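Q: I'll drop the sequence and a predicted model, then ask my questions.
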Amino acid sequence: MSHAETNDQTTAGASPAVKLTLATLTMMVVGSMVGAGVFSLPRRFAQETGVAGALIAWTIAGTGMLMLAFVFQTLAVRRPDLDAGVYAYAKAGFGEYLGFFSAFGYWASACVGNVTYWVLIMSTVGAIWPALGDGDTLLAVVLSSVGLWAFFLLIRRGVKEAAAINRIVTVAKIVPILVFVILALVFFEPSVFADNFGGADYAGSLFNQVRGTMLATVFVFLGVEGASVYSRHAKRREDVGRATILGFLSVFAVFASVTIVSYGIMPMAEIAELRQPSMAGVLEEAVGTWGKVFVSVGLIVSVLGAYLAWTLMAAEVLFVAAKDDDMPRFLRKATSEDVPVPALLMTTALSQVVLVVTMFSDDAFNFALDLTSALSLIPFLLAAGFAVRIALGHGREDVAGHSTRKELVIAVIATLYTAFLLFAAGLKFVLVSFILYAPATFLFVKARREQNRRLFSPREALICAVSIVGAVVGVIALAVGWIEL
């Protein structure tokens, strides 16, 4: 690249948006959804529930997330003027400050989610290199950090190049997952499956079993909004919604199948004790050592592809928020290759910080997974709430069609589902989320000062106060041991 090609451009108009096809957008949805989560599903579910609870959990999660997918499809068509999906919908529906929180929360969830990928890679290699432990040792963190910044340099080269790599990786990583499901069906033992049907004594009531799996299902479905986040790059606006539905339906059957067939291979108590990635341990039980190696290689390809997609989406949210004056101006800079470098740098930096924090967690992978899910819930809830407002006739929806009763029903179900997920997350992760949300207000204040605007309206000041109180309570709870990482 020449010097002229790498000069930063400070205006959005100077950055030519790369245009993506329906197939590429769909691959970005699948690529961002199929990552670390699917390889950890057998253990995560076996720790909480048996076959009956798993079937109920997937029915609830599938229905709720399908409603969210429909919400993103509807909003993409009804409000084609809004880019960056989740963040833009929250701002249009509930004001600038909550829109800022949505942008930051979604971005932070992507950064924390990226950490789970490196933890799982190191845990996978740790099976043959004990010094890496479960992905949370000093050596594991150092090696993960090297990978983190290597990807920063790759994505820095250009969005189009990164999107093309993601398309190839998505195809490559689906193959081992499908092979796992087929082999698990071949070696399926009905008697083992029957013994696992009702769950174990430690799993508790059926309601608690289902509740315990909810954050895991949220994590694996994160990315359903991927095409929406990258909407400004779509060749045709309607492709955003189509890619969302196609991507969701493609992976839902895979996720549910991976979970259910595992119950026919091993007793759930044994699955619950497997090291991550637990899918490798299940296949090893069925076919021998080569099955573990096969899944482990597939996981590394899958995780690197998902990491690429999520890093792209996270940087995109900060970039578009800065263009809309909801983030500081330095984040709106992009290269001639359409790469928002400052936003990408902040994304990589936060992932680095969280990566270091995992060394102090009892269970680095599950902590990062659950925190990722919890951080994404407020942005999802606000997007679903905006869809309810549009269906009820509020806002500027008349510029792109008229609302229907079907849209209202879908939006209400999606809103109730995300509200239930907040309840399922529990107080621990809500408080930890506040610890991240409250300091982020500094970015909002900086953006307002750059525009010589009043820092907070009375309503925004109240929201800020609530977030600060939540953060203080969270810090105290951590300090005195009420909650643990």
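A: That came in fine, so what should we check first? This structure is a prediction, so every number in the text was calculated from the model and none was measured. Numbers count the residues shown, from 1 in each chain.
Q: what's the neighbour count on the residue lying closest to residue 460 once chain neighbours are set aside?
A: Leaving out its chain neighbours, the residue that sits closest to residue 460 by Cβ to Cβ, 6 or more residues apart in numbering is residue 97, at 4.1 Å. For glycine as for every other residue, the C-beta is placed from the backbone atoms N, C-alpha and C. Number of residues near residue 97 (other Cβ atoms under 10 Å) recorded here: 23.
Q: before we move on, what about the one 10 residues further on?
A: Applying other Cβ under 10 Å, we find 27 residues neighbouring residue 107.
Q: Name all residues that make contact with it.
A: Contacts for residue 107 (Cβ atoms under 8 Å, 6 or more residues apart in numbering) come out as 314, 317, 318, 347.
Q: Repeat that for residue 462.
A: Counting by Cβ under 8 Å, 6+ apart, residue 462 has no contacts.
Q: Ok, residue 278 next?
A: 39, 40, 41, 42, 43, 44, 46, 262, 271.
Q: For residue 296, see how far away it is.
A: The spacing between residue 278 and residue 296, counted by Cβ to Cβ, to the nearest Å, is 12 Å.
Q: Any quick ChimeraX command for the buried ones out of the contacts of residue 107?
A: Buried residues among those (16 or more other Cβ atoms under 10 Å), as a ChimeraX selection:
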select :314,317,318,347
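Q: If we only consider the contacts of residue 107, which is nearest to residue 222?
A: residue 314 (11.4 Å; Cβ to Cβ).
Q: circling back to that earlier point, part of a helix, is the residue nearest to residue 460?
A: Yes. Membership of residue 97 in a helix is supported by DSSP: H, G, I helix; E, B strand; the rest coil.
Q: in which helix or strand would I find residue 215?
A: Residue 215 belongs to helix 206-221 when assigned by DSSP states H and E.
Q: just checking, what packs against that helix?
A: Under the contact criterion of 3 or more Cβ pairs under 8 Å, 6 or more residues apart in numbering; DSSP states H and E, helix 206-221 touches helix 36-46, helix 51-78, helix 238-262, helix 364-391, helix 405-425.
Q: Repeat the analysis, applying 10 Å as the threshold.
A: helix 22-33, helix 36-46, helix 51-78, helix 96-126, helix 238-262, helix 364-391, helix 405-425 (3 or more Cβ pairs under 10 Å, 6 or more residues apart in numbering; DSSP states H and E).
Q: what distance separates that helix from the centre of its chain?
A: Taking Cα atoms, centre = their mean, to the nearest Å, one finds the center of helix 206-221 at 15 Å from the center of the full chain.
Q: and if you look at stretch 67-87?
A: Its chain's C-alpha centre and that of stretch 67-87 lie 17 Å apart, by Cα atoms, centre = their mean.
Q: Quick check, central residue of the protein?
A: Central residue of the chain (Cα atoms, centre = their mean): residue 222, 3.6 Å from the mean position.
Q: My understanding was that that residue contacts residue 38; is that so?
A: No. If you go by Cβ atoms under 10 Å, residue 222 and residue 38 don't touch, sitting 11.8 Å apart.
Q: Now the common contact residues for these two.
A: residue 306 (Cβ atoms under 10 Å, 6 or more residues apart in numbering).
Q: Now the helix or strand that contains residue 459: buried residues?
A: Assigned by DSSP H and E, residue 459 falls within helix 458-480. Across helix 458-480, burial judged by 16+ other Cβ under 10 Å covers 460, 463, 464, 467, 470, 471, 473, 474, 477, 478.
Q: how near is the first one to residue 106?
A: Relative to residue 106, residue 460 is positioned 19 Å away (Cβ to Cβ).
Q: Same question for the second one.
A: Computed with Cβ to Cβ, the distance linking residue 463 and residue 106 is 17 Å.
Q: and if you look at the last one?
A: Counting by Cβ to Cβ, the gap from residue 478 to residue 106 is 24 Å.
Q: I figured residue 176 hits residue 294, correct?
A: Yes. Between residue 176 and residue 294 there is a contact under Cβ under 10 Å: 6.1 Å.
Q: Please read off the pLDDT at the residue lying farthest from the centre of the chain from the model.
A: What lies farthest from the middle of the chain is residue 191; by Cα atoms, centre = their mean that is 35.9 Å. Per-residue pLDDT puts residue 191 at 89.
Q: Same question for residue 455.
A: In this model, residue 455 carries a pLDDT of 82.
Q: Give me the neighbour count for the residue lying closest to it once chain neighbours are set aside.
A: What sits nearest to residue 455 in space, not counting adjacent residues and going by Cβ to Cβ, 6+ apart, is residue 448, at 5.2 Å. For residue 448, the neighbour count with other Cβ under 10 Å is 20.
Q: Give the helix, strand or coil label for residue 448.
A: Quick answer, by three-state DSSP: residue 448 is helix.
Q: Residue 274 now?
A: Once three-state DSSP is applied, residue 274 turns out coil.
Q: Please, which helix or strand holds the residue nearest to it when sequence neighbours are not counted?
A: Of all residues not flanking residue 274 in the chain, residue 281 sits nearest, at 3.7 Å (Cβ to Cβ, 6+ apart). For residue 281, the element it lies in under DSSP H and E is helix 278-287.
Q: Name the next helix or strand following that helix along the chain.
A: Downstream of helix 278-287 (by DSSP H and E), the next one is helix 289-323.
Q: List the buried residues for the next helix or strand after that next one?
A: Helices and strands here follow DSSP H and E; after helix 289-323, the next one along the chain is helix 341-357. Residues of helix 341-357 classed as buried by neighbour count (16+ other Cβ under 10 Å): 341-348, 350-352, 354-355, 357.
Q: Likewise for stretch 95-102?
A: Quick answer for stretch 95-102 (16+ other Cβ under 10 Å): 96, 97, 98, 99, 100, 101, 102.
Q: what mean pLDDT would you report for that stretch?
A: Mean predicted confidence for stretch 95-102 is 85.
Q: so how far is it off the chain centroid?
A: With Cα atoms, centre = their mean, you get 19 Å for stretch 95-102.
Q: likewise stretch 114-121?
A: That offset, for stretch 114-121, works out to 13 Å (Cα atoms, centre = their mean).
Q: Dump that stretch to PDB, keeping only the CA atoms.
A: Extracted in PDB, the C-alpha atoms of stretch 114-121 (Å, rounded to 0.1, in the frame of the first residue of the first chain):
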ATOM      1  CA  ASN A 114     -13.900 -12.300  21.300                       C
ATOM      2  CA  VAL A 115     -12.100 -13.200  24.500                       C
ATOM      3  CA  THR A 116     -14.000 -16.400  24.800                       C
ATOM      4  CA  TYR A 117     -12.600 -17.400  21.400                       C
ATOM      5  CA  TRP A 118      -9.000 -17.100  22.500                       C
ATOM      6  CA  VAL A 119      -9.700 -18.800  25.800                       C
ATOM      7  CA  LEU A 120     -11.300 -21.800  24.000                       C
ATOM      8  CA  ILE A 121      -8.500 -22.000  21.500                       C
END
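Q: Before I go, just wanted to say thanks for your time.
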